[in-house]
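1. pasting the sequence and the predicted model now:
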Amino acid sequence: MHRRTKIVATLGPASESPDTLRKMIDAGLDVARLNFSHGSADEHRVRAAAVREASDASGRVVGLMGDLQGPKIRIRRFQHGSVELKDGAGFFLDSELGFADGDEQGVSVALETLHEDLKVDDVLLLNDGMITLKVDRIDGTRIHTSVVNGGILSDHKGINKKGGGLSAPALTDIDRENIVLAAELQMDFLAVSFVRSGEDVAEARRLFEAAGGTGRIVAKIERAEAVENIESIIDAADIIMVARGDLGVEMGYAVLTGIQKRLIKKTRKKSKIVITATQMMESMIHNPIPTRAEVSDVANAVMDGTDAVMLSGETAVGKYPIRAIREMAAVCVGAEEFPLPEGMTRHRIGDYFERIDEAIAMAVMYTANHLDVEAIIALTESGSTALWMSRIRSDIPIYAFTPHLETSRRVTIYRGVFPVYFDVKTTNSRALYQDVFDTMLQNKLVKVGDRVIFTKGDLDGVTGGTNAMKIVEVTARS
């Protein structure tokens with residue numbers, strides 16, 4: 001319960017059995033990710049149901065995230081599955097070439113307007129940057145290039161333009177279908193791939209809500225344009241994911257760590273959630289322990305203040321899905337022993353607050369960091385008070401007491417916040433406090449005599465109604 005950084009893990013063939021899922025939850029899984037780039041709608045339905053069942057069986061609340069495929073720009077197929085491109089050789093890309101007619105001379109591409117987005121001397125990066133092509137000339141839809149860095153190129157590998165600038169829309173027809181599926185499955189989080197601006201996020205939200213979805217929107221930052229438009233994207237989204245795969249290819253790996261730190265800082269400053277993702281413990285797909293570099297990578301993100309770290313292939317197809325979560329959890333705990341960057345505890349210290357509940361949240365955290373307090377208890381309808389409190393550096397656990405399962409699942413991704421089911425049965429303050437203490441003592445979250453900070457509102461069931469904080473001592477029922 002006292003690991004503050006949350007863990008998102010991707011489900012796949014290695015992690016979809018009920019027994020494995022249960023053990024992953026026991027190891028520290030907080031949010032299960034369904035990658036809509038792989039699998040059918042029925043497979044996603046089965047996995048979503050399995051997560052909910054495993055969560056219920058374990059007694060731990062687990063969030064569910066659906067991740068849209070997005071307009072991943074790919075080459076099509078070769079006649080023999082792959083070719084070897086040699087340095088200095090010519091190679092073309094052409095959307096009008098036959099789907100499976102690729103050879104050593106060239107290959108078809110899935111984006112019909114690719115030739116319109118390019119000019120001579122542009123650099124294209126294929127297969128996550130492993131192969132580099134320089135544009136020599138463009139004849140209609142055919143893009144003639146020279147191979148700068150060659151290698152084996154196989155079917156369906158991705159294409160990026162160095163520096164960004166490819167015009168594919170953020171949402172494809174398949175994404176629109178999967179948004180409806182995400183709403184049907186009551187996803188707690190919907191991740192939108194390859195967003196370019198706040199409007200891409202807003203469009204996904206409109207479609208999700210129109211389909212009946214109530215989850216939070218995650219904007220995946222993996223395009224150069226997204227970094228340029230980050231302010232509007234953070235404003236439009238609920239959660240930002242620093243998706244370092246395609247982002248590193250487009251922006252260059254040398255500047256990626258600096259960009260990651262800047263995005264985490266900007267997102268937290270705006271009281272939004274941030275996830276750090278991609279290749280965090282990639283070697284554990286095949287190996288039982290992470291590399292020292294991977295340990296440092298995860299720890300660095302934690303010390304920067306990320307709310308969550310994410311596993312992809314490690315848990316979807318890897319040999320050690322349970323151990324990968326356990327190892328990541330251990331690294332998070334170790335990194336949390338060290339302070340966040342200078343100034344994090346002064347979050348919004350000079351701001352003027354328009355909302356009472358937001359001001360209460362800030363006052364609680366200031367008090368908690370300057371007083372001997374064991375826990376913070378927030379009676380919350382929507383989770384907003386807990387979110388605002390979680391933006392401020394503290395080692396003190398924040399317990400979000402709520403009667404709403406939807407809210408419980410939502411806060412699974414908030415750093416330092418832990419959901420507790422609690423249904424208010426009285427309006428008498430003294431009786432209410434004792435009911436809360438009974439729940440805390442039963443779950444061994446506090447001891448009799450511990451000092452805690454309590455936040456609540458006057459009106460039950462009113463979102464945004466938190467208007468009071470109180471410092472109280474835990475007592476046993478007489």
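-> Nice, thanks for sending it over.
2. which of the helices and strands in this structure ranks last by mean pLDDT?
-> helix 356-368 (a mean of 85; mean pLDDT, DSSP states H and E).
3. please point out which parts of that helix sit buried.
-> By neighbour count on 16 or more other C-beta atoms under 10 Å, the buried set for helix 356-368 is 357, 358, 359, 360, 361, 362, 364, 365, 366, 368. The C-beta positions use only the backbone N, C-alpha and C, and glycine is treated the same way.
4. dump those to a markdown table, plus distance to residue 69.
-> Output for the buried residues of helix 356-368, formatted as a markdown table (distance: C-beta to C-beta, whole Å):
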| residue | distance to residue 69 |
| --- | --- |
| 357 | 37 |
| 358 | 36 |
| 359 | 41 |
| 360 | 41 |
| 361 | 36 |
| 362 | 39 |
| 364 | 41 |
| 365 | 39 |
| 366 | 43 |
| 368 | 42 |
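5. what about residue 7, which helix or strand?
-> Using DSSP states H and E, residue 7 maps to strand 6-10.
6. same question, residue 407
-> helix 405-410.
7. so what strands line up beside the strand holding residue 7?
-> strand 31-35 (parallel), strand 308-311 (parallel) (DSSP bridges).
8. next one: the longest one to chain centre, how far?
-> This points to strand 31-35. How far strand 31-35 lies from its chain's middle: 9 Å, per C-alpha atoms, centre = their mean, to the nearest Å.
9. past it, which element shows up next along the chain?
-> helix 41-58.
10. for that following helix, C-alpha coordinates in PDB please.
-> What follows is helix 41-58, C-alpha atoms only, in PDB (Å, rounded to 0.1, in the frame of the first residue of the first chain):
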ATOM      1  CA  ALA A  41     -13.000  -7.100 -30.100                       C
ATOM      2  CA  ASP A  42     -14.000 -10.400 -28.600                       C
ATOM      3  CA  GLU A  43     -10.500 -11.000 -27.200                       C
ATOM      4  CA  HIS A  44     -10.600  -7.600 -25.600                       C
ATOM      5  CA  ARG A  45     -14.000  -8.400 -24.000                       C
ATOM      6  CA  VAL A  46     -12.600 -11.600 -22.500                       C
ATOM      7  CA  ARG A  47      -9.500  -9.900 -21.100                       C
ATOM      8  CA  ALA A  48     -11.500  -7.000 -19.700                       C
ATOM      9  CA  ALA A  49     -13.800  -9.400 -17.900                       C
ATOM     10  CA  ALA A  50     -10.800 -11.400 -16.600                       C
ATOM     11  CA  VAL A  51      -9.300  -8.200 -15.100                       C
ATOM     12  CA  ARG A  52     -12.600  -7.300 -13.400                       C
ATOM     13  CA  GLU A  53     -12.900 -10.900 -12.000                       C
ATOM     14  CA  ALA A  54      -9.300 -11.000 -10.800                       C
ATOM     15  CA  SER A  55      -9.600  -7.600  -9.200                       C
ATOM     16  CA  ASP A  56     -12.800  -8.700  -7.300                       C
ATOM     17  CA  ALA A  57     -11.100 -12.000  -6.200                       C
ATOM     18  CA  SER A  58      -8.000 -10.200  -5.000                       C
END
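11. what angle do it and strand 31-35 make?
-> Counting by axes from the mean of the first three to the mean of the last three C-alpha atoms, to 10 degrees, helix 41-58 lies at 170 degrees to strand 31-35.
12. buried sites along helix 41-58?
-> Here helix 41-58 shows 44, 47, 48, 50, 51, 52, 54, 55, 58 as buried, counting by 16+ other C-beta under 10 Å.
13. mind putting the strands paired with strand 6-10 into TSV with mean neighbour count and distance to residue 152?
-> Formatted as TSV, the strands paired with strand 6-10 follow (neighbours: other C-beta atoms under 10 Å; distance: least, C-beta to C-beta, whole Å):
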stretch	mean neighbour count	distance to residue 152
strand 31-35	24	25
strand 308-311	27	27
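14. show me what the helix holding residue 407 is packed up against.
-> Packing contacts for helix 405-410, counted by 3 or more C-beta pairs under 8 Å, 6 or more residues apart in numbering; DSSP states H and E, involve strand 63-67, strand 398-402, strand 417-421.
15. so which of the ones you listed comes closest to residue 390?
-> In terms of C-beta to C-beta, the element of the helices and strands packed on helix 405-410 nearest to residue 390 is strand 417-421, at 5.0 Å.
16. paired strands for the closest one, with orientation please.
-> strand 398-402 (parallel).
17. alpha carbons only: can I get the strand it pairs with in CSV?
-> C-alpha atoms of strand 398-402 as CSV (Å, rounded to 0.1, in the frame of the first residue of the first chain):
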residue,chain,number,x,y,z
ILE,A,398,-3.8,9.6,0.8
TYR,A,399,-6.9,7.4,1.2
ALA,A,400,-9.8,8.2,-1.2
PHE,A,401,-12.9,7.0,0.7
THR,A,402,-15.7,6.8,-1.9
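18. quick one, it and helix 356-368 angle?
-> Computed with the same axes, to 10 degrees, the direction of strand 398-402 lies at 140 degrees from that of helix 356-368.
19. what lies in contact with strand 398-402?
-> Contact partners of strand 398-402, identified using C-beta atoms under 8 Å, 6 or more residues apart in numbering, comprise 375-381, 383, 386, 389-390, 407-408, 411, 414, 416-422, 436, 439-440, 445.
20. do you know how far the most centrally placed residue in the chain is from residue 110?
-> Residue closest to the average C-alpha location in the chain (C-alpha atoms, centre = their mean): residue 275, at 4.0 Å. Distance of residue 275 to residue 110, computed by C-beta to C-beta, to the nearest Å: 27 Å.
21. rewinding a little: what comes up buried for the strand holding residue 7?
-> 6, 7, 8, 9, 10.
22. give me the pLDDT for the first one.
-> Note on residue 6: pLDDT of 98.
23. show me what contacts it?
-> Neighbouring residues of residue 6 by C-beta under 8 Å, 6+ apart: 30, 31, 307, 308, 309, 412, 413, 414, 415.
24. which residues sit against the helix or strand in which residue 137 is found?
-> Using DSSP H and E, residue 137 sits within strand 131-139. With C-beta under 8 Å, 6+ apart as the test, strand 131-139 has contacts from 85, 90-91, 93, 115, 118-126, 143-151, 153, 157.
25. whichever of the residues you listed end up buried, select them in ChimeraX.
-> Isolation of the buried members of those (16+ other C-beta under 10 Å) is achieved in ChimeraX through the command below:
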select :85,91,93,115,118,122,124,125,126,143,144,145,147,150,153,157
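26. from the contacts of strand 131-139, which ones fall inside strands?
-> Mapping the contacts of strand 131-139 onto strands (DSSP state E) picks out 85, 90-91, 93, 123-126, 143-149, 151, 153.
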